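In: any chance you could fold what I've pasted below:
(2 chains)
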Amino acid sequence: METLLSMLSTLPLLAGAAFATISISLVSLVFAFFLGTGICAMRFSRVAPLRWLAIAHVRFFRGVPLLVQLLMLYYLLPSFGINLSSLAAAIIAISVCSSAYVAEILRGGFLGIPPGQLEAARMLGLGGLSTLARIQVPQALRLTLPALVNEVILVIKASSLVSVVGVAELTRTAQNIAASTYKPLEIYFLVGAVYFVINILLARLGVLGERRLAKAHQS
Amino acid sequence: MTFDLTILTHNAGAILGGFGVTLETWISGVLIGILAGLAIALLQLSCARAVSGALRAYIEVVRGTPFLIQLFFLYYGGPSVGLSLEPVTAGILGLGVYGSAYFAEVFRAGFRSIPPGQLEAGVCLGMTRWQMVHRIMLPQMLVIIVPSLCNTIIVLSKETAVLSVITVPELTGVLTGIGSLSFAFLEVLVALCLGYLTLVELTAWFGRWVERKVGHFMLR
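Out: Now for the predicted structure:
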């Protein structure tokens, strides 16, 4: 317990590292969301090769461990003459991997909208774009919000893997502190707690968002 | 940039060994996870509030922290409390703990999906609690959860790659090791991707097969 208290002096360092973890995750999530939306659109495309490409994307990036994808970017790109910083490699790897999951989540959301509504929209003379913007997207977002929040938490957890290529986020900082203080048990406990608090807060935020959307839906 | 398969054929023994360790850690971790998860779900069903609250906290903590941190805690933190584990043992134990929380949630959802009317009927027929669990709940629950069970098993197969970070000589560790020595990263990483894709697709295919089989059993 005493040692745990002495670890409190590392808190400022950990706070900065936690900020790095959150920033890396959020930036990756924004990219993942846009890329995932594109993949999802391709999945519903009338052009068969686009659909196949989207299916291949989802299969590959969900079937290979994120760590392997990360190592692939980090080691392979230099041999093609592209030099990425480890931070850039980390963000690209997480974004692309997460986009496959986001695409599947969104696809589920769009499939969850009753087809009768789309028929009704056509009967009322609504164009494809306004059907999408007014009927499909708002409902798909409401339906998929819990899964999307879950994906945010998964990405926060997965971002710990980028410590392997040397990005100075929470896990890497913990490794450094553990190496310099010889107190791995305490430091990993503390860092685990930091991750836990971040994720709990995100989950709460998600529940609040869900309630809000449900209310907006009812009124 | 050349693609030279001899890098892989020369190290075929080591690569197969690594694949073996991946399978070993994965299957052992899954078995520990399923058994512990089922135990947790059953305890949550039948025990006092305090016990199920503690188990709930365990599940939330395990699911709310990264697997890598859990592994570091176990492997590097363990020795300070006298728990020195071999990398493979720590890996299997870590996977088991990580999986147990997810499996427990899968089982819990399965139990909850059983219509309460059936349990009321069980009570009316004078069944004991245990009889209801193993005659009504377990047989149906095990069929309902097949898809999510498979999904969790697949997730764990990919988590085995993380074990390379604590020096477990599994597929990722062995192949990136070969890559660093030979600089043949392309060959090595293609092999890695193919290895995991095969594992994941085979498991998914097997899961769908089981789903069809047990589905027939449910309809009859």
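
In: can you give me the buried ones in the longest helix along chain A?
Out: For chain A, the longest helix by residue count, based on DSSP state H, is helix A:184-218. Buried residues in helix A:184-218, counting neighbours by 16 or more other CB atoms under 10 Å in any protein chain shown, are found at A:184-192, A:194-196, A:198-199, A:202-203, A:206, A:209, A:213. From N, CA and C alone the C-beta is placed, and that goes for glycine too.

In: count the neighbours of residue A:16 for me.
Out: Neighbour count for residue A:16, taken as other CB atoms under 10 Å in any protein chain shown: 14.

In: tell me the SS of the nearest residue to it once chain neighbours are set aside?
Out: In space, and not counting its chain neighbours, residue A:16 is closest to residue A:173: 7.8 Å by CB to CB, 6 or more residues apart in numbering or on different chains. With DSSP: H, G, I helix; E, B strand; the rest coil as the basis, the three-state label of residue A:173 is helix.

In: so residue A:173 is in contact with residue A:14, correct?
Out: Yes: in this structure, residue A:173 is within contact of residue A:14 by CB atoms under 8 Å, at 6.5 Å.

In: joint contacts of the two?
Out: residue A:191 (CB atoms under 8 Å, 6 or more residues apart in numbering or on different chains).

In: who in chain B is up against chain A?
Out: B:1, B:60-61, B:64-70, B:72-73, B:76-78, B:80-81, B:158-162, B:164-165, B:172, B:176, B:179, B:183, B:185-186, B:189, B:192-193, B:196-197, B:200-201 (CB under 8 Å from any CB of the partner chain).

In: make it 6 Å
Out: B:64-66, B:68-69, B:72-73, B:76-77, B:80, B:158, B:161-162, B:165, B:176, B:185, B:189, B:192-193, B:196-197, B:200 (CB under 6 Å from any CB of the partner chain).

In: so which bits of the helix or strand harbouring residue B:215 are buried?
Out: Take DSSP states H and E as the rule and residue B:215 turns out to sit in helix B:185-219. Neighbour-count burial for helix B:185-219, counted by 16+ other CB under 10 Å, picks out B:185-193, B:195-196, B:199-200, B:203-204, B:207.

In: OK, contacts around residue B:172?
Out: B:161, B:164 (CB atoms under 6 Å, 6 or more residues apart in numbering or on different chains).

In: scratch that, residue B:128
Out: Applying CB under 6 Å, 6+ apart, no residues contact residue B:128.

In: neighbours around the residue nearest to residue A:86 when sequence neighbours are not counted, how many?
Out: Spatial nearest neighbour of residue A:86, chain neighbours left out: residue A:165 (4.4 Å); criterion: CB to CB, 6+ apart. The tally of other residues near residue A:165 (other CB under 10 Å) stands at 20.

In: verify the stated contact: residue A:165 with residue A:72.
Out: No: assessed by CB atoms under 6 Å, residue A:165 is found out of contact with residue A:72, at 11.0 Å.

In: would you quantify the distance from residue A:165 to residue A:65?
Out: 14 Å (CB to CB, to the nearest Å).

In: please read the previous query as pertaining to residue B:28.
Out: 18 Å.

In: more crowded one of these two?
Out: residue A:65 (25 against 17).

In: coming back round to it: surely the residue nearest to residue A:16 meets residue A:18?
Out: No: between residue A:173 and residue A:18 no contact is recorded; they are 8.8 Å apart, counting by CB under 6 Å.

In: what helix or strand is residue B:21 on?
Out: Here residue B:21 is assigned to helix B:12-46, by DSSP H and E.

In: which stretches of chain B have low pLDDT?
Out: Within chain B, the ranges that satisfy pLDDT under 70 run B:1-2, B:217-220.

In: quick revisit: can you check what angle separates the helix holding residue B:215 from helix B:12-46?
Out: Using axes from the mean of the first three to the mean of the last three CA atoms, to 10 degrees, the direction of helix B:185-219 lies 40 degrees away from that of helix B:12-46.

In: what is helix B:185-219 packed up against?
Out: Packing partners of helix B:185-219 (3 or more CB pairs under 6 Å, 6 or more residues apart in numbering or on different chains; DSSP states H and E): helix A:66-79, helix B:6-10, helix B:146-159, helix B:171-182.

In: ok so, going back, intersect the buried residues of helix A:184-218 with the contacts of chain B.
Out: Answer for the buried residues of helix A:184-218 near chain B (CB under 6 Å from any CB): A:184-185, A:188, A:191-192, A:195-196, A:199.

In: near chain B, which residues of chain A? Just list them.
Out: A:63-65, A:67-68, A:71-72, A:75-76, A:157, A:160, A:164, A:171, A:184-185, A:188, A:191-192, A:195-196, A:199.

In: at 8 Å instead, please
Out: Near chain B, when you scan chain A using CB under 8 Å from any CB, you find A:59-60, A:62-68, A:71-72, A:75-76, A:79-80, A:153, A:156-161, A:163-164, A:171, A:174-175, A:178, A:183-186, A:188-189, A:191-192, A:195-196, A:199-200.

In: which among these count as buried?
Out: Buried, going by 16+ other CB under 10 Å: A:62-68, A:71-72, A:75-76, A:153, A:156-161, A:163-164, A:171, A:174-175, A:178, A:183-186, A:188-189, A:191-192, A:195-196, A:199, out of the residues of chain A next to chain B.
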